[in-house]
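**Q** Predicted model and sequence below, questions to follow.
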Amino acid sequence: MERLKNNKWFLAILIGMAGGLSFELAYLKYNYQPAMEVLMGLSSTEVGVLMSTYGFWAMILYGPSGIIADKFNNKFLIVSCMILTGMLGFVMALYPPYPVLLAIQVLFALTTVLFMWSATIKSVSILGSSEEQGALLGLSEGARGIGCLIAAMLALFIFNQSGAENNPNSLRFVLISYGVTMIILGVLCGIFLKNDEKKSKDAIEKNPDDKFTMKDVIYVLKLKTTWLCSLIILGVYIVYACLSYTSSYVIDIFGASMSMGILIGTIRNQVMRSLSPPIAGWVTQKTPLKSPTKILFIVGIINCIALLILVFGPNEASAFMPMLIVILTSAMCVYISRGMYWATVGEVNTPKKIVGTTVGVASVIGFLPDAFIYVIIGNWQDTLPPQQAYDNMWMMSVAGTILTVIASFLLLKEIKKITSK
């Protein structure tokens, strides 16, 4: 057990799985909206408001989450939030009144975003040196995908075996299974994670620079590297959000069946999410291409080409398989990028005491598309011919990759300046 406590790679996997699974209950609608409507007696609008409530508070809390990660014990934050989130799942399993469900979504935003989001990223980041950031964070991101994939398959098995929509308790069992899994992961984090290194009061008094203050927030905002890292994440996230429409794209444009569209969506999401980041992490460790920012730059160019093919390529049914390969190539590029973009924070030698704050600021900027992109694409789908709507969507993705490439190029120049000092 002691060996595992000191194994940075094992800890990165454990933290990644905990961080990924922590969001599953808040995003229950993604897989179980019909079940929520039938078994919990909710309307589609009510389910949508639940998701919007969580999203609204999450956007507000990303920034403060970084400050909290820098000021409080990250192990305590992760362990307590996993257990609290799991217990909230048990409350959801009671099918409480709608106002209580709304309150639970707000509490999910507190546990998963305010207290845990930046804490998980910082906990992985400080496990290794700046040269190991790509491998550690890539492995952690892959573990997020694997953990979510395993949990989703287990939950679906339980749902089907208990009677699916024909048994009012089937969704309860799903919620309980998620709650139990989160609590178990919380306990495991409590066993294996180390407490943050704390400097003594005397040491802080001798070196006041080691104490986190609000001046550090201003310092983070003034750093050019903070904004470049944020723009990289923003560009990647735009493409990530657009790719969430893959299922509807292959159904509307190529005439794929509903089941085929869902299968492709699953491969694009969980499977590619599990495979891509560890591959990128291996590249940073075992090849001359060790810089996460260089990988983001190269992958951004490849993804831009793939997305341009989706805009200008054929849309006949006979072209379905080649275009599917292009979509999955783009998905791999996105998930490689997601496994790398937090590593840029460490690559620019961000002081450990402000890593959480930097992550919080970058999250607010980088995940801003959550506030508008789905409304824009939904409007295109409702008002434009399908081909034009999806062409617009892919062009938006191209713009996102161009932003990533430019920001990566500029960040590489900043890294060169930092390393040359």
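**A** Perfect, I can see it now.
**Q** And the next helix or strand past the helix or strand containing residue 158?
**A** Counting by DSSP states H and E, the element that carries residue 158 is helix 133-161. Note on helix 133-161: by DSSP H and E, the next helix or strand toward the C-terminus is helix 170-192.
**Q** Ramachandran angles for residue 290?
**A** Main-chain dihedrals, residue 290, degrees, to the nearest 10: phi -90, psi -10.
**Q** Regarding the protein, what is its longest helix?
**A** Counting by DSSP state H, the longest helix found in the chain is helix 386-420.
**Q** Work out the gap between it and the centre of the chain.
**A** Here helix 386-420 is found 18 Å from its chain centre; the criterion is C-alpha atoms, centre = their mean, to the nearest Å.
**Q** which helices and strands sit right next to it?
**A** When contacts are defined as 3 or more C-beta pairs under 8 Å, 6 or more residues apart in numbering; DSSP states H and E, helix 386-420 packs onto helix 224-243, helix 246-254, helix 292-312, helix 373-383. (Glycine included, C-beta is placed from N, CA and C.)
**Q** Can you tell me which of these is packed in deepest?
**A** helix 224-243 (a mean of 24; mean count of other C-beta atoms under 10 Å).
**Q** pull the CA atoms of it into PDB?
**A** Taking Å, rounded to 0.1, in the frame of the first residue of the first chain, the C-alpha atoms of helix 224-243 are listed here in PDB:
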ATOM      1  CA  LYS A 224       0.300  36.600 -20.600                       C
ATOM      2  CA  THR A 225       0.700  32.800 -20.200                       C
ATOM      3  CA  THR A 226      -2.600  32.600 -18.300                       C
ATOM      4  CA  TRP A 227      -4.500  34.100 -21.200                       C
ATOM      5  CA  LEU A 228      -2.700  32.000 -23.800                       C
ATOM      6  CA  CYS A 229      -3.400  28.800 -21.900                       C
ATOM      7  CA  SER A 230      -7.100  30.000 -21.500                       C
ATOM      8  CA  LEU A 231      -7.400  30.700 -25.300                       C
ATOM      9  CA  ILE A 232      -6.000  27.200 -26.100                       C
ATOM     10  CA  ILE A 233      -8.700  25.700 -23.900                       C
ATOM     11  CA  LEU A 234     -11.400  27.900 -25.400                       C
ATOM     12  CA  GLY A 235     -10.400  26.800 -28.900                       C
ATOM     13  CA  VAL A 236     -10.400  23.100 -28.000                       C
ATOM     14  CA  TYR A 237     -13.600  23.400 -26.200                       C
ATOM     15  CA  ILE A 238     -15.400  24.900 -29.100                       C
ATOM     16  CA  VAL A 239     -14.600  21.900 -31.200                       C
ATOM     17  CA  TYR A 240     -15.400  19.500 -28.300                       C
ATOM     18  CA  ALA A 241     -18.900  21.100 -28.000                       C
ATOM     19  CA  CYS A 242     -19.500  20.900 -31.800                       C
ATOM     20  CA  LEU A 243     -18.500  17.200 -31.900                       C
END
